[in-house]
Structures are given as C-alpha cells and as structure tokens.
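K.L.:
Return atomic coordinates for the entry below.
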Amino acid sequence: MAGHSQFKNIMHRKGKQDAVRSKLFSKLAREITVAAKDGVPDPTMNSKLRLAIQNARAENMPKDNIERAIKKAAGAEGESYENVRYEGYGPGGVAVIVETLTDNRNRTGGAVRAAFTKHGGALGETGSVSFSFDHVGEIVYPAAVGSADAVLEAAIEAGADDVQSDEETHTILCGFEAMGEVSKALETTLGPAKSVKAIWKPQNTIPVDEEKAQTLMKLVGQLEDDDDVQNVYSNFDVSEEVLAKLTAA
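P.N.:
Residues are numbered from 1 along each chain as shown. This is a model prediction of the structure:
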C-alpha cells in the first residue's frame, strides 16, 4: 500500500472523519465549479463535470452543495482557477507530488514550499519526481458489486490493466487516456463507480521507519489541510508493524 492511502487509513482510524469530510467537500465543490466553468454547466453534455459530480455523490456530498458549486461557476464568484502540480522530496528521499487548484500561484507555491521545508523536505522542479510515477486512471467500486473474479473479468473486458480487490473495494487501474472509455464500459456491467479519477501511481515504493513515517504524515497532513491542494501522492511504504504503532499513537 502506497504512502498516500496508508496516511488516509490512519487519519480515519484516529476518528478525524468529520474534519476530513468537511475539507473534502470543499475540494470537491471546487472541482465541480472548475469543471462547470471549463465547459457547459450540464453534466449530460460535460463529461468532466459529470465525473466531478459522480465523485462528490460517492462521498455523500449533499445535493444542495453540488448545485451551489455549479451555480458558482456562472456567477461573479466563479474565480479563475488553474491546475498547478508541485513536486519534491520528503524525509528519506521519499517522492511527493502535490496537485492544486489555485487562483493565486504565489500563495499556493509559498504554502507548499513552507510545508516541505518545515518537515525536512525540499520542493523541486516540475518533473523532478513524476518520472518515477505512472499517471493512470483509477476506477473504484464497493466490494458489494461482485466477487474479485467477477470484477476482474469485467475489467479485462472493459480494457483495464489491473484490479486490486480487498474487503471494502475493488480498485481498477487503466491507462490515463483510456479512463473515460473504460469507466463507461464498466458502468454497463457493474453500474456507476464510486469514483473515477486520474492518479499518480508510484512505480516503486520506499520503506520508511516509524520516525520518518510520522514526519511524512505531518507533511502530507499540512499539505492536505491547504484549501488549494486537491491531492497528494507519495511513494513511501510502511510495514504493518509500524502502521499498527502509528494507528495506536
């Protein structure tokens, strides 16, 4: 399990769901607003908006919040956001990718740089670490849609590259360019996905000890607390033993 998902699991186990959910709704709303502003505010005619709404619904975001985010794109509040990616290294040479949606590059860049510096990391140039990740499509279904074998068969038929199943979810991976086509094919056999998005998947992971894991968690936590940050990806790996200690701490 890569560092990003391990960090998420720890945060949820520590009972911070409410704060995480509130922050998540804010980020999802921004994605909806940007998608509606970039195209037409009709999800049937705007695939990017349709995916943003689908992902928001999967997180149980209230309908009123979704509608408000769409309307915001057409009003005076519809700020011009741009996607900016930051890359750098954390403790132990761990690679970190930070995706943002910002209306002020100077503010966001300063905040991201400060987070890296505070936790013993260093911000690099764009492309300095992304070469060690694959930009792929990730399609997630709840485990209840079917057995691992059934989902694997559906994924192969749809043109996906890999499936990772556990007790809670089926995570289907595919090429970035094929994400729309694969997700559409899967919808005909498995129904609507819980989420469909592009992710940065590390080609290899770096094992870290408890001390470095704690520092990396603080770095990722500070980054994800920033309203401009949409996603954080990393390639650190924590053993089950260290994970248990972090969860209990």
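
K.L.:
Next, count neighbours for Leu42.
P.N.:
Not quite, residue 42 is Asp, not Leu. As a burial measure, Asp42 scores 11 neighbours (other Cβ atoms under 10 Å). All C-beta spots, glycine's among them, are computed from the backbone N, C-alpha and C.

K.L.:
how far away is the residue lying closest to Asn83 once chain neighbours are set aside from Arg57?
P.N.:
Among residues not flanking Asn83 along the chain, Leu101 sits closest, at 6.1 Å (Cβ to Cβ, 6 or more residues apart in numbering). Leu101 sits 19 Å away from Arg57, going by Cβ to Cβ, to the nearest Å.

K.L.:
just Leu152 next, same as before
P.N.:
26 Å.

K.L.:
got the residue ranges for the strands in this structure?
P.N.:
In the chain, the strands defined using DSSP state E lie at 82-89, 95-102, 122-124, 133-142, 162-165, 169-175, 195-202, 206-207, 229-234, 236-237.

K.L.:
Quick one: closest of these to Gly221.
P.N.:
Shortest separation from Gly221 across these is recorded for strand 229-234, at 9.2 Å, computed as Cβ to Cβ.

K.L.:
what's the angle from the closest one to strand 95-102?
P.N.:
Interaxial angle, strand 229-234 versus strand 95-102 (axes from the mean of the first three to the mean of the last three Cα atoms, to 10 degrees): 170 degrees.

K.L.:
now for strand 229-234, which elements pack on it?
P.N.:
When contacts are defined as 3 or more Cβ pairs under 8 Å, 6 or more residues apart in numbering; DSSP states H and E, strand 229-234 packs onto helix 3-13, helix 17-38, strand 95-102, strand 195-202, helix 210-225.

K.L.:
Show me how this protein divides into domains.
P.N.:
Domain ranges of the chain: 3-74, 82-131+204-240, 133-202, per automatic domain parsing.

K.L.:
need those in TSV with mean pLDDT and distance to Leu246, can you?
P.N.:
Output for the domains of the chain, formatted as TSV (pLDDT from 0 to 100; distance: least, Cβ to Cβ, whole Å):
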stretch	mean pLDDT	distance to Leu246
domain 3-74	80	5
domain 82-131+204-240	93	6
domain 133-202	94	19
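
K.L.:
Turn those domains into JSON lines, columns for distance to Thr247.
P.N.:
As requested, the domains of the chain are arranged in JSON lines below (distance: least, Cβ to Cβ, whole Å):
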{"stretch": "domain 3-74", "distance to Thr247": "5"}
{"stretch": "domain 82-131+204-240", "distance to Thr247": "10"}
{"stretch": "domain 133-202", "distance to Thr247": "16"}
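
K.L.:
Since that was my last question, I'll sign off now.
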